[in-house]
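Asker: A structural model of the following input is requested.
(2 chains)
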Amino acid sequence: MGKLPSTLKIQSKIHVCRAEKRITQQELADAVGVTRATIVSIEKGNYNPSLELSFKIAQYFGKNIQDIFYVEDINE
Amino acid sequence: MWRTLMNNKFEKFLRINMWISKYLLFALPTVVGTVIWALFVPGGGNELHGFKSILWEIFGWHFMIWFVLLVYFIVSLFCWGAFREKILTVLTFSKERDERESYISGRASRATFFSTLAALILLFFLSGLHLHIYKKPKEEIIDGKRGTITIGYKFEFVNSAQKNNTESTQTKNENILTVDGIPLTQESIILFLILYHIASYHIFSRKRLKE
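Answerer: Numbers count the residues shown, from 1 in each chain, chains lettered A, B, ... in the order given. As a prediction, this is how the structure comes out:
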């Protein structure tokens, strides 16, 4: 088994999904029960959401988690 | 049923305490006013007559009630976890509206804990430090060396009223610098620690929130 990268950065495609669905950050925030600042932080990649919030966001867009969140390997 | 009854009582008690805290805050200007007035009233208010005397009595009783409630408030703050959390959340402008803000307040608490601990260690070190730099009188000079530095550390569990005799023996010496513990009073050190604790938490959480 290969060595796992020491640092992982989780990026999201929330802004793409929002654009497709034509909703604002505030609307998404209200739907999943967080503040707009949290959505901004997740979109910028500054905050890694919990598994629960990730599932909520994915469910809201009717997608799988992997379709919205992906891992960016910093070591690469 | 017993638990529901207790929860209801608990809620009522918490609501009363919140009202008391609001009263303490909003009545503070009146209390300060009373204290200032007391500074200018001769003979402790005994020489006042008529309306002024009645007013003096009312403000005096109000001051006493306020002070008793303040003692109750501070003891409740120390002993009652839920009340403490509710009050200090307001006092430190702490917000936990979602998981990200809970995460931030957790990080801020950790950073505050460590920085306050570091400040306490520094204050502990400074409180016991004794540094004295002086020049010996000419008759005590040995090998032409006049300047002397003494450095030490004292630790006492209780405050002793006995003064150190070293002061009297060193009066002949030409003093340059003497550092003997922290010159601040106990009250100012405690106040500094409280303000430092709140500021440290606040600055850290603000920094994280801006990211």
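Asker: can you map out the strands along chain B?
Answerer: For chain B, applying DSSP state E gives strands covering B:129-135, B:147-153, B:174-180.
Asker: Tabulate those (a markdown table), appending mean pLDDT and distance to B:P29.
Answerer: C-betas here are computed from N, CA, C, even on glycine. Output for the strands of chain B, formatted as a markdown table (pLDDT from 0 to 100; distance: least, C-beta to C-beta, whole Å):
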| stretch | mean pLDDT | distance to B:P29 |
| --- | --- | --- |
| strand B:129-135 | 86 | 42 |
| strand B:147-153 | 86 | 46 |
| strand B:174-180 | 79 | 40 |
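Asker: for the ones you listed, which one ends up most surrounded?
Answerer: Among the strands of chain B, strand B:129-135 has the highest mean neighbour count (mean count of other C-beta atoms under 10 Å in any protein chain shown), at a mean of 16.
Asker: starting at the chain centroid, how far to that one?
Answerer: 29 Å (C-alpha atoms, centre = their mean, to the nearest Å).
Asker: Get me the contact residues on chain A for chain B.
Answerer: A:G33, A:V34, A:T35, A:A37, A:T38, A:S41, A:N46, A:Y47, A:P49, A:S50, A:E52, A:L53 (C-beta under 8 Å from any C-beta of the partner chain).
Asker: So the first one sits against A:K56, correct?
Answerer: Yes - if you go by C-beta atoms under 8 Å, A:G33 and A:K56 touch, sitting 7.4 Å apart.
Asker: ok, these two, which is more surrounded?
Answerer: Shown here are A:G33 and A:K56; by other C-beta atoms under 10 Å in any protein chain shown, A:K56 has more neighbours (15 against 12).
Asker: Pretty sure B:L14 sits against B:G81.
Answerer: No - here B:L14 does not reach B:G81: they are 11.0 Å apart, not a contact under C-beta under 8 Å.
Asker: which of those two has more neighbours?
Answerer: Higher neighbour count among B:L14 and B:G81: B:L14, with 15 against 7, using other C-beta under 10 Å.
Asker: quick one: that one from chain A, how far?
Answerer: 25 Å (C-beta to the nearest C-beta, to the nearest Å).
Asker: any chance of the strands of chain B in CSV, plus distance to B:L39?
Answerer: Shown next, in CSV, are the strands of chain B (distance: least, C-beta to C-beta, whole Å):
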stretch, distance to B:L39
strand B:129-135, 39
strand B:147-153, 43
strand B:174-180, 34
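Asker: Next, count neighbours for B:L117.
Answerer: Using other C-beta under 10 Å: B:L117 sits among 10 other residues.
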